[in-house]
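# sharing a model that was predicted from the sequence below.
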Amino acid sequence: MTAGFLLRCGIWLRHCGVARSFASGAVTISAAWLARYLRIASPKAHLPLSAPAIRLKHPFVVHRLFLLVLALSASLAGSPSRKIETSHPQLHRFEDSRISMACTYTVVVYGTDPKQLPLIAEAALDEVDRIDALMSHYRPESPLSRINREAADRPVLVEPELFRFLERCVRYSQQSEGAFDITVGPLMKAWGFFRGEGRIPWFFELWNVLRRVGYRHLRLNSAQRTVQFGRSGMELDLGGIAKGYAVDRVVELFKEQRIERAFVNAGGSTLCGLGAPPDSPGWNVKVQDPLAPRDPKKSAAQVILKDQCLSVSGNYEKFFKVRGITYSHILDPRTGRPVENMLSVAVLSQTGTDGDALDNAFYVQGVEKGKALLPLYPGLEVFFFLPDGKKAWKMVRLAGL
């Protein structure tokens, strides 16, 4: 039995709602899933869909159930619910989408096995949902929301993946001198960008909010793996980086499944091309025109992605207008105010996480101060789209070595 076969088995089991604990030798299976497959295997079989999950420990039963899952799933996979297109004599193309993290995630995968591709795509989108459940500050039950509720009172123990991610976020803050900062939660609320329509805070209100913002007030204890806030009222907001991390996790999943050609699009915010589609040097992507972002006929630039990611931040994503002045959701964490004289920034990077964090950092810092970040990220390319009275906008490109 090859390692590749075992990896595929894992995807099948995950697709079917089966979780196996190899430490205990037990299987936990959704009753709804079991009822569905029992009815398929034997129309007379019946199990209430509202029944709780079933946990099986007997080694013989576990082994037979494992084989049953594979056999039933394989027999059903012959008629996928979503269309598979053949675009190459030996390669099949599959595309799927799902709403997650307040945007549409789309994955495109190429492979030689048309029955396996839908399962890999579904596992990829499941991974996006998992990251959302871990890092969303809109979900009160998420680990991040728990940090926001409790970290001002006591150190909060955080699971390893999220703790490593927070450490990485702090490094981006240090490198950008605070231009990127995940402690902007109170600022986003003050400006009405958190479940709101936008508002201009009063001067003293903004002054008070700024006292609760700043990555230096975030205390990470790597030995204890705990998080604590240095000031009451602090809140973490990972909206400026979580999408890019989810894209990276999807790409890693594709690599684990030996997918060499794939494309991931997180609502146009972060896109990543793994390898290249057949008969093409890479994945052709258009950068939105910052003044006409919804017009598919207009674009500001065009790039080809091959083992590379593109992240874009623009003032057109969330904004409101007061007396003819546009206030964007991209805030300078140091001043507490929306960034001015910038339309959008696009970053070409090796990872989606880097790009998603750095497009915000470059947007806040601007062209001149942004140059200091380039040596830290070899191969990075940055496109600034600036307002220009004569031509509506102009582009400035920076490239690292």
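Noted; the coordinates are in hand.

# quick one: the helices in the stretch 151-300 of the chain?
When assigned using DSSP state H, counting those that start in this stretch, the helices of the stretch 151-300 of the chain occupy the ranges 160-175, 185-190, 203-210, 242-256.

# same check, this time on the stretch 301-401 of the chain
Ranges of helices in the stretch 301-401 of the chain, per DSSP H, counting those that start in this stretch, are 352-370.

# that one: strands as residue ranges?
Secondary structure of the stretch 301-401 of the chain by DSSP state E, counting those that start in this stretch: the strands cover 308-314, 319-322, 325-328, 331-332, 337-338, 344-349, 381-388, 392-399.

# picking that back up, now the helices of the stretch 151-300 of the chain in JSON lines, with mean pLDDT, mean neighbour count and distance to residue 122?
Yep, even glycine has a C-beta here, placed from its N, CA and C like the rest. Formatted as JSON lines, the helices of the stretch 151-300 of the chain follow (pLDDT from 0 to 100; neighbours: other C-beta atoms under 10 Å; distance: least, C-beta to C-beta, whole Å):
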{"stretch": "helix 160-175", "mean pLDDT": "98", "mean neighbour count": "17", "distance to residue 122": "21"}
{"stretch": "helix 185-190", "mean pLDDT": "96", "mean neighbour count": "22", "distance to residue 122": "32"}
{"stretch": "helix 203-210", "mean pLDDT": "96", "mean neighbour count": "13", "distance to residue 122": "42"}
{"stretch": "helix 242-256", "mean pLDDT": "98", "mean neighbour count": "22", "distance to residue 122": "11"}
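
# for residue 371, find the nearest of these.
Distances from residue 371 to each of those were compared using C-beta to C-beta; the minimum, 13.0 Å, belongs to helix 160-175.

# packing partners for the helix or strand hosting residue 119?
Per DSSP states H and E, residue 119 falls inside helix 117-135. In terms of contacts (3 or more C-beta pairs under 8 Å, 6 or more residues apart in numbering; DSSP states H and E), helix 117-135 is packed against helix 3-16, strand 91-100, strand 103-111, helix 143-150, helix 160-175, helix 242-256.

# quick check, central residue of this protein?
Here the mean C-alpha position of the chain is nearest to the C-alpha of residue 243 (C-alpha atoms, centre = their mean), at a distance of 2.4 Å.

# now it. Nearest residue, chain neighbours left out?
Among residues not flanking residue 243 along the chain, residue 266 sits closest, at 4.3 Å (C-beta to C-beta, 6 or more residues apart in numbering).

# for the closest residue to residue 326 other than its chain neighbours, give me its contacts.
Take residue 326 and drop its neighbours on the chain: the residue closest to it by C-beta to C-beta, 6+ apart is residue 319, 5.4 Å away. When contacts are counted by C-beta atoms under 8 Å, 6 or more residues apart in numbering, residue 319 touches 198, 326, 327, 328, 329.

# give me the buried entries from these.
When the contacts of residue 319 are checked for burial by 16 or more other C-beta atoms under 10 Å, the buried set is 198, 327, 328, 329.

# quick check: the gap between the first one and residue 220.
According to C-beta to C-beta, to the nearest Å, residue 198 and residue 220 sit 32 Å apart.

# same question, the last one
Here the distance between residue 329 and residue 220 works out to 26 Å (C-beta to C-beta).

# isn't residue 393 up against residue 292?
No: because the distance of 10.3 Å does not satisfy C-beta atoms under 8 Å, residue 393 is recorded as not touching residue 292.

# that older thread, and the helix holding residue 119, what's buried?
Residues of helix 117-135 classed as buried under the neighbour-count rule (16+ other C-beta under 10 Å) are 117-128, 131-132, 134-135.

# same check on stretch 104-113?
Applying a neighbour-count criterion of 16+ other C-beta under 10 Å, the buried positions in stretch 104-113 are 105, 106, 107, 108, 109, 110, 111.

# how about the residues you listed in TSV, adding distance to residue 224?
Rendered in TSV, the data for the buried residues of stretch 104-113 read as follows (distance: C-beta to C-beta, whole Å):
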residue	distance to residue 224
105	34
106	40
107	37
108	42
109	40
110	45
111	43
